[in-house]
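Engineer: Give me a model of this one.
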Amino acid sequence: AGSPVVHALKFASRYIDDLNVPNINADICSIICNDIYPEELDILATNTDSKATTFLDLDIGINDSMFGTKLYDKRRDFSFKVVTFPNLRSNIPHKPSYGVFVGELYRICKSSSDGRDFIKDVKLLICKLVSQKFDKNILYHNLKDFIKCKPACLSKHWHNFSVSEFM
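Structural biologist: Below you'll find the model as predicted:
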């Protein structure tokens with residue numbers, strides 16, 4: 001029924017220097033990686049919990065034998081402020097800047113398997129953008145339009161969101 005190594009790596013994902021190998025014991029993963037990668041390359045396990053890890057911009061956890069995901073932004077872990085998103089104090093067109101907000105709504109929505117995480121991350125985003133001189137009313141208007149258009153990523157939550165939940 002095929003190689004045990006191939007079977008073990010069936011759900012593995014790799015992007016540049018990030019490797020995600022779910023459901024494999026760390027020792028077995030180390031043996032497989034040592035067979036694949038040259039010894040000059042240090043393969044380090046960065047997760048500290050066997051039921052949780054981060055991969056790219058996802059925080060992946062196992063709860064009640066189910067995988068759950070939410071947005072992971074490593075910039076939040078830094079002890080210093082990281083400049084992100086347009087700042088409307090700058091000499092930039094405003095309308096496309098609000099498009100960045102809508103794009104982030106889709107990104108957060110797709111990465112959140114729990115509606116509460118979606119609400120929490122959108123609230124954080126709105127606070128960040130308001131601090132960068134975005135108009136809160138325009139943000140809420142764009143959020144209302146996003147909810148009204150019912151993108152597929154919202155339907156997985158089995159919840160009818162309202163803008164008031166994000167205030």
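Engineer: Could I get the phi/psi values of Asn63?
Structural biologist: Main-chain torsions, Asn63, degrees, to the nearest 10: phi -140, psi 130.
Engineer: can you pull the contacts of the closest residue to it other than its chain neighbours?
Structural biologist: Nearest residue to Asn63 in three dimensions, chain neighbours excluded: Lys51, at 7.7 Å (Cβ to Cβ, 6 or more residues apart in numbering). Any C-beta I mention is one placed from the backbone N, CA and C, and that applies to glycine too. Going by Cβ atoms under 8 Å, 6 or more residues apart in numbering, Lys51 touches 61-63.
Engineer: Name all residues that make contact with the spatially most central residue of the chain.
Structural biologist: For the chain, the residue nearest the mean C-alpha position is Leu71 (2.6 Å; Cα atoms, centre = their mean). Leu71 is in contact with 57-59, 107-108, 111-112, 117, 121, counting by Cβ under 8 Å, 6+ apart.
Engineer: What about the residues you listed, which are in helices?
Structural biologist: In helices, judged by DSSP state H, the following of the contacts of Leu71 are found: 107-108, 111, 117, 121.
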